[in-house]
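>>> just to be clear, the model below is a prediction. Sequence and coordinates:
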Amino acid sequence: MDNFTKIFRPKKIGDIFGQTHLTSKDSAFYKLLKNKNIPHSFFFGPPGSGKTTMARVIANELNIPFYEFDATNLKIDQIRAVFTKYKSTLLKPLIFIDEVHRLSRTQQEILLIPMENREAIIIGASTENPYFTITSGLRSRSMLFEFKALDKKDMINIIKTVQKSINFTIEDDALMYLIDSSSGDSRALLNLLEFAIKINSHVELENLKSLRPTMLKDGVSSDDSHYNLISALIKSMRGSDIDASLYYLARLIDGGESAEFIARRLVIFASEDIGNANPNALNLATNTMVAVSKIGYPESRIILSQCVIFLASNPKSNSAYKAINEALNYVKKHKKLQVPDHLKSPPSSKYLYPHDFGGWVEQKYLLKDLKFYNSNQIGFEKTLDEWLKKISNF
């Protein structure tokens, strides 16, 4: 029996389950594909959501050569060889690069001119939003499309598709476990189903659990997604309820959520919800993220617990969060302000070096008076406010 993920991989866009925001006939993506005008694109979303499949479907529907690379071991000469092969032809291939967020700056720069000249259709995929990892040059030459985890209905449709070709039966509780434990990942679902059928064409819960004892990655079920659990954890810490925070942390851990994912959320929380009310919160959360990446379960549960209790117990302030949002909102809506001449590099003679004046000297740093930050005067923020007043001689 061949690999299920290859056998049942959709060949046409109409065969893809999920991603209706891309595959419906009213979507911009669908219309571009049918008009054979697919732009250079970057797909991002969870594993098994169909990013690679979509790239292959595009190549199939456009009837063009498909080249697949992995950014973790990609060599520049491999890419150049593809461009050279089709340089003097009208046929333009599709080059698909997985884990695109791992491309080096040099590798990204190699793609710029071929993308500009449409020597190939470049599509990258990542489980992370590549907007923050690819260069502005790539962003300006491409479109960004988000893929979402498949829902229960999509997973059932995949199973029914398999049943049309493979003779097997599955018990109700086994069906639910197959779907829930796959966490919206079609590849994981097909992989588990394939080996369960190899054991017995009548799929039972016991066999599934012997092959996959715990939930994958997110630890979600059709009723309790990890998004709801992590949201509840964050909100409980924000509300300073230690016991509720520990409950949701335990649910995440018991459901198989990765320690690294939880730790990343704690780091964000430390800055967004505590901020300078206690700057040490960010230090502890960051150290937690490093520690769990080196240690793993089961011991990481203790480290996560310590961090959650600490964060829940801290005074809360979102002044830093609000300040950068205000600044970004202003930058997006207004004409960019020029950097004053005395602040440019190298600095002009008009620049006043604060250290020559005891640490602070009055001078303009913006050509327009703007106010983004407003201290909540909570915790250590009060100390910072006092320092600022002393420094500036207010």
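Looks like it arrived, so ask away. Numbers count the residues shown, from 1 in each chain.
>>> any regions of the stretch 151-300 of the chain where pLDDT drops low?
215-226 (pLDDT under 70).
>>> buried sites along stretch 243-256?
Buried residues in stretch 243-256, counted by 16 or more other C-beta atoms under 10 Å: Ala244, Ser245, Leu246, Tyr248, Leu249, Arg251, Leu252, Ile253, Gly255, Gly256. Heads up, the C-betas are built off the backbone N, CA and C, glycines and all.
>>> roughly how far is it from the heart of the chain?
22 Å (C-alpha atoms, centre = their mean, to the nearest Å).
>>> with stretch 16-35 instead?
22 Å.
>>> do stretch 97-111 as well
17 Å.
>>> likewise for stretch 26-37?
25 Å.
>>> can I get that stretch in CSV, CA atoms only?
This file holds the C-alpha atoms of stretch 26-37, laid out as CSV (Å, rounded to 0.1, in the frame of the first residue of the first chain):
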residue,chain,number,x,y,z
ASP,A,26,-15.9,33.8,-5.3
SER,A,27,-12.4,34.1,-3.8
ALA,A,28,-9.7,36.3,-5.3
PHE,A,29,-7.3,33.4,-5.2
TYR,A,30,-9.6,31.1,-7.1
LYS,A,31,-10.2,33.7,-9.8
LEU,A,32,-6.5,34.3,-10.2
LEU,A,33,-5.8,30.6,-10.6
LYS,A,34,-8.5,30.1,-13.2
ASN,A,35,-7.2,33.2,-15.0
LYS,A,36,-3.7,31.7,-14.9
ASN,A,37,-2.4,34.8,-13.1
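>>> average pLDDT across it?
The average of the pLDDT scores along stretch 26-37 is 94.
>>> offset the numbering so it begins at 57, please.
Happy to do that; since the first residue is 57 now, the last one works out to stretch 82-93.
>>> just give the nearest non-adjacent residue to Asn59, would you?
What sits nearest to Asn59 in space, not counting adjacent residues and going by C-beta to C-beta, 6 or more residues apart in numbering, is Glu250, at 7.3 Å.
>>> for the helix or strand harbouring the one you found, buried residues please.
Assigned by DSSP states H and E, Glu250 belongs to helix 242-255. Applying a neighbour-count criterion of 16+ other C-beta under 10 Å, one finds Ser242, Arg243, Ala244, Leu245, Leu246, Asn247, Leu248, Leu249, Glu250, Ala252, Ile253 buried in helix 242-255.
>>> any chance you could map the helices in the stretch 207-356 of the chain?
Assigned by DSSP state H, counting those that start in this stretch, the helices in the stretch 207-356 of the chain fall at 208-219, 228-238, 242-255, 261-267, 282-294, 298-310, 315-325, 336-351, 356-369.
>>> now do the longest one: which elements does it pack against?
Spelled out, that is helix 336-351. Contacts defined by 3 or more C-beta pairs under 8 Å, 6 or more residues apart in numbering; DSSP states H and E place helix 336-351 against helix 315-325, helix 356-369.
>>> got the angle between the last one and helix 282-294?
Spelled out, it's helix 356-369. When axes from the mean of the first three to the mean of the last three C-alpha atoms, to 10 degrees is applied, the directions of helix 356-369 and helix 282-294 differ by 50 degrees.
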